[in-house]
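**Q** show me the folded form of this:
(one chain, ligands or ions: 2)
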Amino acid sequence: RRERQDRQSLRMTPQSTLPTFDFVTPALSQATMQRNLDRAVHDGEQKAALPGKLVRKEGDPPTGDVDVDRVYDGAGHVYDLYFTHFQRDSLDGLGMKLVQTVHHRKNYSNAFWNGEQMAYGDGDGEIFSTFTELSVIGHELSHGVVQFSGGLVYQGQSGALNESFADVFGIMAKQHALGESVDDSDWLVGKGILGPEINGVALRSMRAPGTAYADAVLGQDPQPYHMDFYMDTTSDNGGVHINSGIPNHAFYLYCQYLGGNAWAKPGQIWYHALQRLNNPLASFHDWAGQTVSSAMELHGIGSLEVNLLRRAWKLVGIQV
Ligand code: ASN
Ligand code: ZN
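**A** Ligands and ions are numbered 1, 2, ... in the order given. The predicted structure follows:
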């Protein structure tokens, strides 16, 4: 009888609060989930064609090219984060192959997900160096996760939410690989990819949006941390890399309130919210509301987790 009760209470527990599936009785879990990590890294040879020359496939030893080996390892870390903590098998949840190209074009100062694969430039050597850094790798791969989760249109607020989700899971990939708690983390996306000609530490700061870099050429990092400073602009698809500072900072604040690891409660709520959103044109307010609904589903309507989440959104100027 005791055993039956235990099994029942286990079954009633929301899935995300279960221990990782390794420790759950197979009959009650998704223990049959298969790991299908499959990576391919290509060398773009500084040309624009994608994917370029295949230089390292799954199981191959390191090549000695630091960029090739960094995106190979990085994609492995990101895959592990999604598989172990979110029960997601690759970007599409179906074991999709992770295709990445390094040395994309000449002096190219960016990285991107093109709907099918990742590509990374070497930077111009002045304002940017190579983009093959773990939070950037996690960012680009997470654009794929967003795409295969119903999508967020890359324009205006829904675009900034797409950007923010990519930053949130990018920083989480770095924290996870380094074993960092929310207190240990620097909360910097793209740290160390800036070149000698720019005065700054990273691309973006989630702890203090607007302070990652300050430079005479590019101007101050324009990211806001509150709706009062929301930037209405037509450039950058309506400021998708700018206004993402607001939901980024809400996630950071929520992590500070809860402590521990970002991929535990805060990450579970953000991921759950993306899976439930069903609104590719969501506004910040829509998204904040969905995170609160997800927190209610995972932790209970009157839970501390829900109240603190509301407080985090309120601090960035969003009332839900
Ligand atoms: N690095 C940029 C990003 O992933 C590329 C872009 O503007 N889409 O957001
Ligand atoms: Zn992005």
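
**Q** I'd like the average pLDDT over whichever strand or helix holds residue 136.
**A** Secondary structure from DSSP states H and E places residue 136 in helix 134-147. Model confidence over helix 134-147, given as mean pLDDT, is 98.

**Q** residues making contact with that helix?
**A** Among residues not part of helix 134-147, those counted as contacts by Cβ atoms under 8 Å, 6 or more residues apart in numbering are 70-71, 74-75, 77-78, 81-82, 88, 91-92, 96, 98, 100, 111-113, 115, 118, 120, 152, 162, 165-174, 177, 188-191, 193, 203, 274. Just so you know, the C-beta spots here come from the backbone N, C-alpha and C atoms, and that holds for glycine as well.

**Q** now those residues: which count as buried?
**A** Buried members of the contacts of helix 134-147, scored by 16 or more other Cβ atoms under 10 Å, are 70-71, 74-75, 77-78, 81-82, 88, 91, 98, 100, 111-113, 118, 120, 152, 162, 165-174, 177, 188-191, 193, 203, 274.

**Q** looking at those, which are in strands?
**A** Among those, the members falling in strands are 98, 100, 111, 112, 113, 118, 120, 188, 189 (criterion: DSSP state E).

**Q** just to revisit the earlier point, ok, and of the contacts of helix 134-147, which contact ligand 1?
**A** Residues of the contacts of helix 134-147 in contact with ligand 1 (Cβ under 6 Å from any ligand atom): 111, 112.

**Q** mind listing the helices for the stretch 151-300 of the chain?
**A** Using DSSP state H, counting those that start in this stretch, the helices of the stretch 151-300 of the chain run over residues 156-178, 236-239, 245-258, 265-277, 284-299.

**Q** save those as TSV, and put in distance to residue 107 and mean pLDDT too.
**A** Listed next are the helices of the stretch 151-300 of the chain as TSV, based on distance: least, Cβ to Cβ, whole Å; pLDDT from 0 to 100:
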stretch	distance to residue 107	mean pLDDT
helix 156-178	23	98
helix 236-239	21	97
helix 245-258	27	98
helix 265-277	34	98
helix 284-299	35	98
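
**Q** around ligand 1, which positions in the chain sit nearby?
**A** Within the chain, the positions lying close to ligand 1 (Cβ under 6 Å from any ligand atom) are 110, 111, 112, 139, 140, 143, 163.

**Q** by proximity to ligand 1, which residue of this protein wins?
**A** Per Cβ to the nearest ligand atom, the residue of the chain with the smallest distance to ligand 1 is residue 112, at 4.1 Å.

**Q** next one, pLDDT for that residue please.
**A** Residue 112 is assigned a predicted lDDT (pLDDT) of 98.

**Q** one more: residue 198?
**A** Predicted confidence (pLDDT) for residue 198: 89.

**Q** do the same with the one 10 residues further on
**A** The model reports residue 208 with a pLDDT of 96.

**Q** now do the contacts for the most centrally placed residue in the chain.
**A** Using Cα atoms, centre = their mean, the residue of the chain that lies closest to the mean C-alpha position is residue 169, 1.9 Å off. The contact partners of residue 169, taken as Cβ under 8 Å, 6+ apart, are 78, 81, 138, 139, 141, 142, 145, 267, 270.

**Q** where's it relative to residue 163, distance?
**A** 11 Å (Cβ to Cβ, to the nearest Å).

**Q** what lies in contact with stretch 305-314?
**A** With contact meaning Cβ under 8 Å, 6+ apart, stretch 305-314 is reached by 250-251, 253-254, 257-258, 265, 269, 288, 291-292, 295-296, 298-300, 319-320.

**Q** redo that, cut-off 7 Å
**A** If you take Cβ atoms under 7 Å, 6 or more residues apart in numbering as the criterion, stretch 305-314 is touched by 250, 253-254, 257-258, 265, 288, 291-292, 295-296, 299, 320.

**Q** residues near the closest residue to residue 108 other than its chain neighbours, how many?
**A** Distances taken as Cβ to Cβ, 6 or more residues apart in numbering put residue 121 closest to residue 108, at 2.8 Å, once the chain neighbours are dropped. When neighbours are counted by other Cβ atoms under 10 Å, residue 121 registers 25.

**Q** so residue 121 makes contact with residue 110?
**A** Yes - with contacts counted by Cβ atoms under 7 Å, residue 121 reaches residue 110, the gap being 5.6 Å.
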